[in-house]
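Colleague: sequence first, predicted coordinates after that:
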Amino acid sequence: MRHDDAKKALGFLRARNQDFQQSLRRLWPDRLEITVLLLLTFAIAYQLFVDPVVGMADNRDFARLMDPAGINYKSLVDYRETVFRFVETKFVIGEPSSHRYLASERPILGFAKFLNRLLSKDGGFDLQVLGFCHLVLYVGAIFIFLRAFRSRGRFSRLFVAGAVLLMCVDVKWVAYFNSFYCESSSLVFLFSTVGLALVCVDNERQGPTAWFLWLGYMGSAFLFWMAKSQNTAFAPCLALGAWYFFPQSSRPFLRVIGAAVIPVGIVWAFAVHAYGVTMGTNAQVVVAEEILPNSPTPAVDRQELGLEQGGAGLYRIAHFYARHPVRWLRMSQRQMKEAFGYIPHGNFTRASGFGPGTQSQAFNSWSELKKAYYPKNLTLLICLLTAYSILAGMKVRWLDEGRVARMRTLFGPVLALGCALEFMVTVTFEANGTAKHLFIFNVAVDLCLLLAALSLADAAMRLWRRRSEAALASDSR
């Protein structure tokens, strides 16, 4: 009997292993995905590595990553001549300084330093090595995103492929790759998190593959919120995904623990001051460049913010706007006008021959369309997101059949909720550089638009089929 039991257990394990291997093979790209990824890689590599190379000039934030990595400008003159105006690609490596900034960009920069050490001939650091690392991760994230639509119809897949080739090669996105900004890792892990979430939606939530996908989603979500502090605004949406994507288990408390990992992780990030180097600066900038310059009673605001007792923190700023909601709405409307623009920093090196602050006009069709036609009125944007959520609910109620179809439809409104929370957090606690701070909000709105277009097309197709079926049924009578 023991021998028979062992054979049965071995056979069961082999069957499970074969199912898992087949699931992994389905994760490899097909022809359409390979074509899109090759075109994407070529377009981005052309911008990052072919002269005149494209990047993003320093706005004095580079030090947050450069100092802990021991990377410095060659001279003070180089720093002063390039900040805001030119991209500097050649740096020297020295002794790292110690300050706490536990962003997701840190391990990426660490690997870039290792790779640079293998390639460098003079011992310096080449920023394009970091750009290469960003490109590799970005292509991988886009593949995950494309893979999430493989089970959809041919029209949907072609539409997503075209949208990716239009949006994801835009210079206003990829210029960050040749820089020390954390927007690069935010962009990469936003796409991987959304892609893995959509893959989980289509999965059956059982077996080794379900655990593999859920753990991948959780890891990507962690790297996304650790990229920049304002990304933690997506916490409710990420936790909701952790709950619904959790593999089926006979122990329900495990699902609760799995969903709780995200809020606990975010609390941990703030408790250990993971973003500590930015918190005090953000509060000072908001007070000095947003609240007081737009205040009808600066002296009263200074007293309310406690500036005479040591300065305002983020908590006091939140409390201040809670007491003055009209002030917050006016401030939000001002910042909304810049939400779909882009930062006016130089994209080229000094050796390129372009003037200070010149921005690349190649591969910028999508950003120019957005700048011209996306809403700049906060009320209008709120109405559009609300209407999208209502229409999605109607589709779920009357058109969608089955759990997968309903979750596909509802994913868009959940992402729209994340966009709204990201906007609220960013405009409340950030100032001076709205277009840069709202970069991920900007990209997430693009993804909402893509999902809304797919959902609308699916609804139209379902209505047409129902009408055709009703007409056939009527004729048969």
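Modeller: Done, it's in.
Colleague: what about Lys228, neighbour count?
Modeller: Using other CB atoms under 10 Å, Lys228 has 22 neighbouring residues. C-beta here means a position set from N, CA and C on the backbone, and glycine is covered the same way.
Colleague: how near is it to Ala161?
Modeller: 29 Å (CB to CB, to the nearest Å).
Colleague: tally of neighbours for Asn152?
Modeller: Asn isn't right for residue 152; it's Arg. So Arg152, with other CB under 10 Å, has 17 neighbours.
Colleague: what sits against it?
Modeller: Neighbouring residues of Arg152 by CB atoms under 8 Å, 6 or more residues apart in numbering: Val160, Leu454.
Colleague: checking it next. Helix, strand or coil?
Modeller: Per DSSP: H, G, I helix; E, B strand; the rest coil, the local secondary structure of Arg152 is coil.
Colleague: with Phe91 instead?
Modeller: strand.
Colleague: for it, which non-adjacent residue is closest in space?
Modeller: Sequence neighbours aside, Phe125 is the residue nearest to Phe91 in space, at 4.4 Å (criterion: CB to CB, 6 or more residues apart in numbering).
Colleague: residues touching the one you found, list them.
Modeller: With contacts defined as CB under 8 Å, 6+ apart, Phe125 is in contact with Ile71, Lys90, Phe91, Val92, Ile93, Lys113, Asn116.
Colleague: now it. Its backbone dihedrals?
Modeller: phi -110, psi 130 (degrees, to the nearest 10).
Colleague: cool, and Asn377?
Modeller: The phi/psi pair for Asn377 (degrees, to the nearest 10) is phi -110, psi 130.
Colleague: change the start of the numbering to 58 and stick with it
Modeller: I'll keep to 58 as the first residue from here, and by that count the last item is Asn434.
Colleague: just give me the neighbour total for the residue nearest to it when sequence neighbours are not counted.
Modeller: For Asn434, ignoring the flanking residues on the chain, the nearest one in space by CB to CB, 6+ apart is Met393 at 6.8 Å. By the criterion of other CB under 10 Å, Met393 has 21 neighbours.
Colleague: which ones are touching Met393?
Modeller: Lys433, Asn434, Leu435, Leu438, Val484.
Colleague: do the same with Asn235
Modeller: Leu105, Val110, Val111, Gly112, Met113, Val144, Thr146, Leu184, Gln185, Leu187, Gly188.
Colleague: which one of those residues is nearest to Leu386?
Modeller: Met113 (31.4 Å; CB to CB).
Colleague: give me the pLDDT for that closest one.
Modeller: You'll see Met113 listed with a pLDDT of 96.
Colleague: again with Thr443
Modeller: 94.
Colleague: same question, Gln75
Modeller: pLDDT, Gln75: 60.
Colleague: and for Gly180?
Modeller: At Gly180, pLDDT is 87.
Colleague: how many neighbours does it have?
Modeller: 9.
Colleague: and for Trp455?
Modeller: 11.
Colleague: tell me the contacts of the nearest residue to Ala218 once chain neighbours are set aside?
Modeller: Of all residues not flanking Ala218 in the chain, Val93 sits nearest, at 4.8 Å (CB to CB, 6+ apart). Counting by CB under 8 Å, 6+ apart, Val93 makes contact with Ile199, Leu203, Ala218, Val221, Leu222.
Colleague: check which helix or strand the fourth one maps to.
Modeller: So the one you mean is Val221. Here Val221 sits within helix 211-224, counting by DSSP states H and E.
Colleague: export that helix as PDB, just CAs?
Modeller: C-alpha atoms of helix 211-224 as PDB (Å, rounded to 0.1, in the frame of the first residue of the first chain):
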ATOM      1  CA  ARG A 211      -7.400  40.000 -32.700                       C
ATOM      2  CA  PHE A 212      -8.800  43.500 -32.900                       C
ATOM      3  CA  SER A 213      -8.100  44.200 -29.200                       C
ATOM      4  CA  ARG A 214      -4.600  42.900 -29.500                       C
ATOM      5  CA  LEU A 215      -3.800  45.000 -32.600                       C
ATOM      6  CA  PHE A 216      -5.300  48.100 -30.900                       C
ATOM      7  CA  VAL A 217      -3.200  47.600 -27.800                       C
ATOM      8  CA  ALA A 218      -0.100  46.900 -29.900                       C
ATOM      9  CA  GLY A 219      -0.600  50.200 -31.900                       C
ATOM     10  CA  ALA A 220      -1.300  52.100 -28.700                       C
ATOM     11  CA  VAL A 221       1.900  50.800 -27.100                       C
ATOM     12  CA  LEU A 222       4.000  51.700 -30.200                       C
ATOM     13  CA  LEU A 223       2.500  55.200 -30.100                       C
ATOM     14  CA  MET A 224       2.700  55.900 -26.400                       C
END
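Colleague: and the next helix or strand past that helix?
Modeller: Taking DSSP H and E, what comes next after helix 211-224 is helix 228-231.
Colleague: neighbouring contacts of that following helix?
Modeller: Contacts of helix 228-231 (CB under 8 Å, 6+ apart): 101, 104-105, 111, 192, 195, 224-225, 244, 399, 404, 417-421, 424, 500.
Colleague: give me the buried entries from the residues you listed.
Modeller: 101, 104-105, 111, 192, 195, 224-225, 244, 399, 404, 417, 420-421, 424, 500 (16 or more other CB atoms under 10 Å).
Colleague: pLDDT below threshold where in the stretch 258-407 of the chain?
Modeller: Within the stretch 258-407 of the chain, the ranges that satisfy pLDDT under 70 run 307, 333-334, 367-368.
Colleague: remind me which residues of the stretch 58-207 of the chain are low pLDDT?
Modeller: Residues of the stretch 58-207 of the chain that meet the criterion pLDDT under 70 lie in 58-84, 156-157.
Colleague: how about stretch 223-239: buried residues?
Modeller: Applying 16+ other CB under 10 Å to stretch 223-239 flags 224-239 as buried.
Colleague: quick revisit: farthest-apart pair in the contacts of Asn235, please.
Modeller: Val111 and Leu187 (13.7 Å).
Colleague: closest to the centroid, which residue in the protein?
Modeller: Residue closest to the mean C-alpha point of the chain, counted by CA atoms, centre = their mean, is Leu247 at 2.9 Å.
Colleague: hang on, that one packs against Ile497?
Modeller: Yes: counting by CB atoms under 8 Å, Leu247 does reach Ile497; the two are 6.1 Å apart.
Colleague: nearest residue to Ile291 in space, please, no chain neighbours.
Modeller: In this structure residue 291 is Phe, not Ile. Once flanking residues are discounted, Phe291 sits nearest to Gly475: 4.2 Å by CB to CB, 6+ apart.
Colleague: what mean pLDDT does the helix or strand containing that neighbour get?
Modeller: Assigning secondary structure by DSSP H and E places Gly475 in helix 460-486. For helix 460-486, the mean per-residue pLDDT is 95.
Colleague: for it, name the packing helices and strands.
Modeller: helix 240-259, helix 292-301, helix 333-343, helix 371-380, helix 382-393, helix 435-455, helix 496-533 (3 or more CB pairs under 8 Å, 6 or more residues apart in numbering; DSSP states H and E).
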